[in-house]
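Participant: give me a model of this one.
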Amino acid sequence: MQTITITIKDVTIGEGVPKIIVPLMGTTEEELLKEVETVNALQPDIIEWRVDVYEQVESLEAVSDMISKLRSAVPNTLLLFTFRSHKEGGNKEISDDYYFQLLHAAIGTKNIDLVDVELFYEESSVKETVKVAEENGVYVVMCNHDFDKTPAKEEIIYRLRKMQELGAHIPKIAVMPQTVGDLLILLDATYTMKTKYADRPFITMSMSGTGLVSRLSGAVFGSACTFGAGKEASAPGQIPVTQLRDVLEIIDKNI
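Facilitator: Down below sits the predicted model:
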């Protein structure tokens, strides 16, 4: 299996133990500043700010200011900025225009390392955001989430390859299993993507308890990162970071 990596600061994504991403889910500045200390103490590889739950998300100035405070709190940990849209399981509905204004404002602070961009927006806007991110030294995690079902293997691979075509540095897909068979579809798609099509690291996961194995087995099938719960989970099936790290290291030592 080929190894293709991306190194951001001192974190190399795409080799060894899958990198652990932990979300911040606080709604206020006070909650976030307490939470980021707790999460950083868990020593994740990447901290994700889920800005869609932030009470001042509709103020670009407040968001930019909060990014600065988070950066000061964790100067050496990678920061991923994410607004998860309502249609893909997020907390708040905003206009498409404001979605991209928000991403561009976050990128423009130069205080984030990665930005989450959802695949199923207007293609020209997605491409422009990738361009702006690259101009500012920010890496793009391009993603798609299906909270209802697990698409066919071919569709999962198609979406990941489309993200590659659009310039994603790290494609990502998360799907909901209805059966263990759905989990196997996701794992099969991951392995096929890794061995046949991937020219960069990517992330896959099957959600809920049924999909938990996918969060643990990236080193086996090809997913480069996984999400663990800090103070609060951001999606069904996330487990606490300490438990997650133990299992990842056990698997890594034995494959």
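Participant: please make it C-alpha for all contacts and neighbour counts, starting now.
Facilitator: Noted.
Participant: show me where the stretch 151-255 of the chain has helices.
Facilitator: Secondary structure of the stretch 151-255 of the chain (DSSP state H, counting those that start in this stretch): helices at 153-165, 180-192, 212-216, 218-221, 241-253.
Participant: in TSV, list the ones you listed along with distance to Leu79, mean pLDDT and mean neighbour count.
Facilitator: Listed next are the helices of the stretch 151-255 of the chain as TSV, based on distance: least, Cα to Cα, whole Å; pLDDT from 0 to 100; neighbours: other Cα atoms under 10 Å:
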stretch	distance to Leu79	mean pLDDT	mean neighbour count
helix 153-165	21	98	18
helix 180-192	25	98	20
helix 212-216	20	95	21
helix 218-221	21	92	22
helix 241-253	17	93	15
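Participant: which one of the ones you listed lies nearest to Val141?
Facilitator: When those are compared by Cα to Cα, helix 153-165 sits nearest Val141, at 9.1 Å.
Participant: alpha carbons only: can I get that closest one in CSV?
Facilitator: Below are the C-alpha coordinates for helix 153-165, written out as CSV (Å, rounded to 0.1, in the frame of the first residue of the first chain):
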residue,chain,number,x,y,z
LYS,A,153,-19.0,1.8,-2.4
GLU,A,154,-18.7,3.4,-5.9
GLU,A,155,-20.4,6.6,-4.7
ILE,A,156,-18.2,6.9,-1.7
ILE,A,157,-15.1,6.6,-3.9
TYR,A,158,-16.6,9.0,-6.4
ARG,A,159,-17.1,11.7,-3.8
LEU,A,160,-13.6,11.3,-2.4
ARG,A,161,-12.1,11.4,-5.9
LYS,A,162,-14.2,14.5,-6.7
MET,A,163,-12.7,16.2,-3.6
GLN,A,164,-9.2,15.4,-4.9
GLU,A,165,-10.1,16.9,-8.3
